[in-house]
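Novice: my questions are about this predicted structure, shown below with the sequence.
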Amino acid sequence: MGDFSSLGLSDWLIKQCKQLGINKPTPVQENCMPAILEGRDCMGCAKTGSGKTAAFVLPVVQKLSEDPYGIFCLVLTPTRELAYQIAEQFRVLGKPLGLQDCIIVGGMDMVSQALELTNQPHVVVATPGRLADHIRSSNTFSMSKIQFLILDEADRLLEQGCTDFTKDLEVILGILPPKRQTLLFSATLTDTLQELKNIAMNKPFFWESTSETRTVEELDQRYILTPEKVKDAYLVHLIQTFTDEHDDWSIIIFTNTCKNCQILTMMLREFNFPTISLHSMMKQKQRFANLAKFKASVYKILIATDVAARGLDIPTVQVVINHNTPGLPKIYIHRVGRTARAGRNGVSITLVTQYDIHLVHSIEEQIKTKLKEYPVEEKEVLKILTQVNVTRREWEIKLESTDLDEKKEINKRKQLILEGKDPDLEAKRKAELEKIRSQKKKFKQRIQESIQRQKHGQLKKKLMKRKQNKTKQAKV
Ligand SMILES: Nc1ncnc2c1ncn2[C@@H]1O[C@H](COP(=O)(O)OP(=O)(O)OP(=O)(O)O)[C@@H](O)[C@H]1O
């Protein structure tokens, strides 16, 4: 393995790296950085926690020191928390240069963001939705001289998942100069490789770690097979065991919905576990505050939706628990990648019901590793089952009367407005579509019933004829 100076970094930057404990380049850094410094587009695919962020931050800071001007680099990333984390790396590594960064994410004040953009920072780190809003609504800043466009978690940015970034990306790409370096990074690039190649047009340098498995060796990957109704009791039991056995521990628990996140948080607090949550229905300031408290180990347990699945780098996390089995192997890879980072050890435990076994098989197929069963004293779990389920039910009832569903509805309406649609008109159209669908269904049902009746009539006739023939034959 080479060192940073042989890769082309200046001494002052290497000194800066050392302050962060970055002494020797990781493989993704060793392979991608020379290509980036040469001026090539680059696509880097390496496992979670392998130092992809520094693989693009370091060459950008190096280049910036050689020729600083205007907005030099734009980084796009799918989540707001990740944008802050990336901006921090730029700030620390670029400190001797006086690097100015600006974070443009949803849920924060738009006016102060617009002012910051006007001041021409060196680096803008943004989530696509909010940056596209600024581009649509103002012409007080220009990105026409950008040298670097970076898509971190690039596959997620191009995916048409529950948050679809593609329209916002079109708006953003529309104001960027075609002559630029484009860098794309993720732990899971392969599904969207072709679309990504279209964005990085200049024959990108492509590097992928050659390892057979797609998760890190330091990660002990386990599962527990459990009926749905016993899941929470297993969860409480697991946390109790970790609390008893370790002094210095942190756990992230992933679950599938914001409501479940909220219910589990309240439930675990009833059992005196220091728990905090992170999901998209929370106010942004609360999201940042909760994450900061978890990072500082004020709270040892973070319950999150997939908003926290990618990129977050919290070295103290030793355990990841999947309260639901992820529907896609890719999501599993990112979730469990929140532990066992940068060579540390970690454990992941996935709670699997009998309906999820096929999901585990497809995860195992993708990661090329078999999950091992996590041994649990079932007797101990059954002892707390009733208490856990009653506590959960109590919180379900309490949270039913809160405004979580209402907020969901408001967010849906906001999204439609941002897409230029009228929410009332959309609701009407949806209702009409539903009406047509139900009419079609009824029509289909009537046809089927009449076919059944016809068949029944024909059968009856046949039987009658057969009977008549039999009586005839009997008379003969
Ligand atoms: N060369 C290095 N030596 C030691 N530690 C490093 C090195 N490069 C980066 N790190 C540290 O490794 C940790 C993980 O890095 P990073 O967050 O960039 O991972 P990643 O590959 O982007 O992971 P993910 O796919 O989950 O986003 C960080 O704490 C970072 O400071």
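Specialist: Great, that's in hand.
Novice: the stretch 301-450 of the chain: helices as residue ranges?
Specialist: Using DSSP state H, counting those that start in this stretch, the helices assigned to the stretch 301-450 of the chain run over residues 329-336, 357-367, 378-400, 404-418, 423-475.
Novice: the stretch 151-300 of the chain too?
Specialist: Applying DSSP H, counting those that start in this stretch to the stretch 151-300 of the chain gives helices spanning 154-158, 166-175, 193-199, 231-245, 258-270, 284-295.
Novice: can you list the weak-confidence ranges in the stretch 51-200 of the chain?
Specialist: Applying pLDDT under 70 to the stretch 51-200 of the chain flags residues 161-162.
Novice: hmm, back to that, which of the helices of the stretch 301-450 of the chain has the lowest mean pLDDT?
Specialist: Mean pLDDT is lowest for helix 404-418 among those, at a mean of 61.
Novice: need the residues of the stretch 101-250 of the chain near the ligand, please.
Specialist: Within the stretch 101-250 of the chain, the positions near the ligand by Cβ under 6 Å from any ligand atom are Ala187. Where C-beta positions appear, they are placed from N, C-alpha and C, glycine not excepted.
Novice: count of residues packed around whatever residue of the stretch 101-250 of the chain ends up closest to the ligand?
Specialist: At 4.1 Å from the ligand, Ala187 is the closest residue in the stretch 101-250 of the chain, using Cβ to the nearest ligand atom. The tally of other residues near Ala187 (other Cβ atoms under 10 Å) stands at 25.
Novice: for the residue lying closest to it once chain neighbours are set aside, phi and psi?
Specialist: Nearest-residue entry for Ala187: Thr48, 4.7 Å, with adjacent residues in sequence omitted and distances by Cβ to Cβ, 6 or more residues apart in numbering. Phi and psi for Thr48, reported as degrees, to the nearest 10, are phi -60, psi 140.
Novice: does Thr48 touch Tyr332 like I think?
Specialist: No: counting by Cβ atoms under 8 Å, Thr48 sits too far from Tyr332 to count as a contact (11.0 Å).
Novice: okay, those two: which has more neighbours?
Specialist: Tyr332 (29 against 25).
Novice: does the more buried one really touch Glu365, like I thought?
Specialist: No: assessed by Cβ under 8 Å, Tyr332 is found out of contact with Glu365, at 11.4 Å.
Novice: pull the contacting residues for the nearest residue to Glu396 once chain neighbours are set aside.
Specialist: Distances taken as Cβ to Cβ, 6+ apart place Ile263 nearest to Glu396, at 5.8 Å, with adjacent residues excluded. Ile263 sits next to 392, 395-396, 399 when contact means Cβ atoms under 8 Å, 6 or more residues apart in numbering.
Novice: follow-up on the earlier one: go through the helices of the stretch 151-300 of the chain and pick out the most buried.
Specialist: Highest mean neighbour count of the helices of the stretch 151-300 of the chain: helix 154-158, a mean of 25 (counted as mean count of other Cβ atoms under 10 Å).
Novice: what number of residues lie near Leu115?
Specialist: Burial measure for Leu115: 13 neighbouring residues, criterion other Cβ under 10 Å.
Novice: same question, the one 5 residues further on
Specialist: By the criterion of other Cβ under 10 Å, Gln120 has 16 neighbours.
Novice: mind checking the SS state of the spatially closest residue to it that is not a sequence neighbour?
Specialist: Using Cβ to Cβ, 6+ apart and skipping the chain neighbours, the partner closest in space to Gln120 is Gly70 (5.3 Å). The local conformation at Gly70, judged by DSSP: H, G, I helix; E, B strand; the rest coil, is coil.
Novice: tell me how many other residues crowd Gly70.
Specialist: When counting by other Cβ under 10 Å, one arrives at 14 neighbours for Gly70.
Novice: shift numbering so it begins at 24
Specialist: That works, and once the first residue is 24, the last one we named lands at Gly93.
Novice: that one against Lys168, yeah?
Specialist: Yes: using Cβ under 8 Å, Gly93 makes contact with Lys168 at a distance of 4.8 Å.
Novice: residues contacting Gly44?
Specialist: So Gly44 contacts nothing (Cβ under 8 Å, 6+ apart).
Novice: what helix or strand does it sit in?
Specialist: Following DSSP states H and E, one finds Gly44 outside all helices and strands.
Novice: neighbours of Glu457, how many?
Specialist: 10.
Novice: what sits against Pro200?
Specialist: Contacts for Pro200 (Cβ under 8 Å, 6+ apart) come out as 167-169.
Novice: try Asn279
Specialist: Listed by Cβ under 8 Å, 6+ apart, the contact partners of Asn279 are 328, 346-347.
Novice: just Gln389 next, same as before
Specialist: Applying Cβ under 8 Å, 6+ apart, we find Gln389 in contact with 237, 352-353, 355-356.
Novice: distance check, it against the ligand.
Specialist: Distance check for Gln389 against the ligand: by Cβ to the nearest ligand atom, to the nearest Å, it reads 16 Å.
Novice: break the protein into its domains for me.
Specialist: Domain assignment for the chain by the TED database gives 27-231, 242-428.
Novice: dump those to JSON lines, plus distance to Lys478.
Specialist: Converted to JSON lines, the domains of the chain look like this (distance: least, Cβ to Cβ, whole Å):
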{"stretch": "domain 27-231", "distance to Lys478": "44"}
{"stretch": "domain 242-428", "distance to Lys478": "35"}
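Novice: ok, which stretches of the stretch 74-223 of the chain are strands?
Specialist: Under the criterion DSSP state E, counting those that start in this stretch, strands of the stretch 74-223 of the chain are mapped to 96-99, 124-127, 146-149, 171-175, 204-209.
Novice: for the residue lying closest to Thr213 once chain neighbours are set aside, grab the count of nearby residues.
Specialist: Nearest residue to Thr213, sequence neighbours excluded (Cβ to Cβ, 6+ apart): Cys68, at 6.9 Å. Per other Cβ under 10 Å, the neighbour tally for Cys68 reads 23.
Novice: equivalent analysis for the one 10 residues further on, please.
Specialist: Taking other Cβ under 10 Å as the neighbour definition, Ala78 ends up with a count of 25.
Novice: once you drop chain neighbours, what's closest to Leu60?
Specialist: Gly31 (4.6 Å).
Novice: against Phe228, how distant is Gln471?
Specialist: Per Cβ to Cβ, to the nearest Å, Gln471 is found 59 Å from Phe228.
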